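Enquirer: below is the sequence, then the predicted model.
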Amino acid sequence: MTLVIVGTGTDVGKTVVAATLLARYGPEVPLAYWKPVATGARDGRDTATVEALAGDRAVILPESYLFDEPLSPHLAARLAGERIEPAALLADFERHRAGAHTLVIETAGGLLVPLVEGGGDAGNSGDAPTPAGTGAGIESAGDTRGWPFRLPADASSPASSRSLPPLLPPRRPGGGAATGSASAGFPGAGALAAELAGASSAAPGSAGAGYLQADLIVDMARRAALSCLVVARTGLGTINHTLLTLEALRARGLGIAGVVLDGPPNRENRRAIERFGGVETVLELPHLSPLDREEVAAAVRHFDRQGQLAPLLRLRRPVPGTGDPRGQGGNRGGGRSQGGGGGGGESRGSGRGLRRGFPPA
């Protein structure tokens, strides 16, 4: 079983949860940590943080794509003059899961973060990047405020010819996604659902098609048993963010291992997520300060004390796949990941060669 750590957004605590989980279960289950795509390398690497906090409890695999700018992956890749290739990520996934270790994957940002832009959104026209603070990466469509709040009825929108993003179908009261025009509640919904289903069956990241992080997880789930662990904040706003993430996971047929609330305990928010989110496993992890190995070790004594995640981490494939027995694989060229964990390999992307350690507390 592969466990994918998904956040309700960026900076919600996914990396700390990953390190705590590795420290908690690493002595019992052979684990390997992998963050396929990472941005913001100029400020430090999450992979290096996890290695510093729990590197002695698990194999730490290098990123497949690493970019310097702290931006959404699709934009960080564009500014670096590169493109994230979903097929390469899936090949790395197959190689990493082929060994004896249970794979723990940390995603970049939230579930619907774009990895690949659609053909009409590539933004590679040669124009200089928009300076920070002036709506970088946002097309103004002629609006002097730098944001398309409202376009005139006769305006020619540059987005009119683009393919629509995937829509989340409504859930039936008893659970599950509704299908067809009658259950969806608006004319033509059945045709739209069929069109979206056809688009989702296209090759990963094919020309002209956008590719979200959720699409990558779905493609991984088609290749291996997989479950998602949602990480969210504990404060105001987390109920909505968490329920939206759970809904998006269920709409895509992805398994949910549970929710981890990171931050000061909030009993009412936890109860609301349990009740309205329909999740039985809701774990809590307080804010760790200073963030060091000793603090993580102290948190481990209280994290998932009932072992609710243990069955998922111990579930293995009946027949191991082929490949490197450690599940790490070798370099296939072109700046691909190579070698073992701990950042010893090289990653694709503008952050190649950047190997910053965990900053001192």
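Expert: Received the coordinates, thanks.

Enquirer: so where is the stretch 201-350 of the chain shaky, pLDDT-wise?
Expert: 201-208, 316-350 (pLDDT under 70).

Enquirer: ok, which stretches of the protein are helices?
Expert: Ranges of helices in the chain, per DSSP state H, are 14-25, 46-54, 73-79, 86-96, 180-184, 189-200, 213-221, 238-251, 267-277, 293-300, 310-314.

Enquirer: what helices and strands are in contact with the second one?
Expert: Under the contact criterion of 3 or more C-beta pairs under 8 Å, 6 or more residues apart in numbering; DSSP states H and E, the helices and strands touching helix 46-54 comprise helix 14-25, strand 31-34, strand 59-60, helix 293-300. C-beta coordinates here come from the backbone N, C-alpha and C atoms, glycine included.

Enquirer: do I have it right that W34 meets G99?
Expert: No - contact criterion C-beta atoms under 8 Å: W34 and G99 do not qualify, at 11.6 Å.

Enquirer: more neighbours, those two?
Expert: The neighbour comparison of W34 against G99 (other C-beta atoms under 10 Å) goes to W34, with 27 against 20.

Enquirer: so what pLDDT did the nearest residue to the more buried one once chain neighbours are set aside get?
Expert: In this structure, W34 finds its nearest non-sequential neighbour in L61, 4.2 Å apart by C-beta to C-beta, 6 or more residues apart in numbering. The model reports L61 with a pLDDT of 97.

Enquirer: begin at 105 from here
Expert: Got it, the first residue is 105 from now on, which makes the last one we talked about L165.

Enquirer: ok, L165 touching A136?
Expert: Yes - assessed by C-beta under 8 Å, L165 is found in contact with A136 at 5.8 Å.

Enquirer: burial count for E398?
Expert: Using other C-beta under 10 Å, E398 is surrounded by 11 other residues.

Enquirer: measure it to L392 for me?
Expert: Using C-beta to C-beta, to the nearest Å, we find E398 at a distance of 10 Å from L392.

Enquirer: again, but for F407
Expert: Distance from F407 to L392, by C-beta to C-beta: 11 Å.

Enquirer: show me which residues of stretch 390-397 are buried.
Expert: Using 16 or more other C-beta atoms under 10 Å as the test for burial, stretch 390-397 gives P390, L392, L395, R397.

Enquirer: contacts only, for the last one.
Expert: So the one you mean is R397. Contact analysis of R397 by C-beta atoms under 8 Å, 6 or more residues apart in numbering lists A156, L157, A158.

Enquirer: nothing else from me, thank you.
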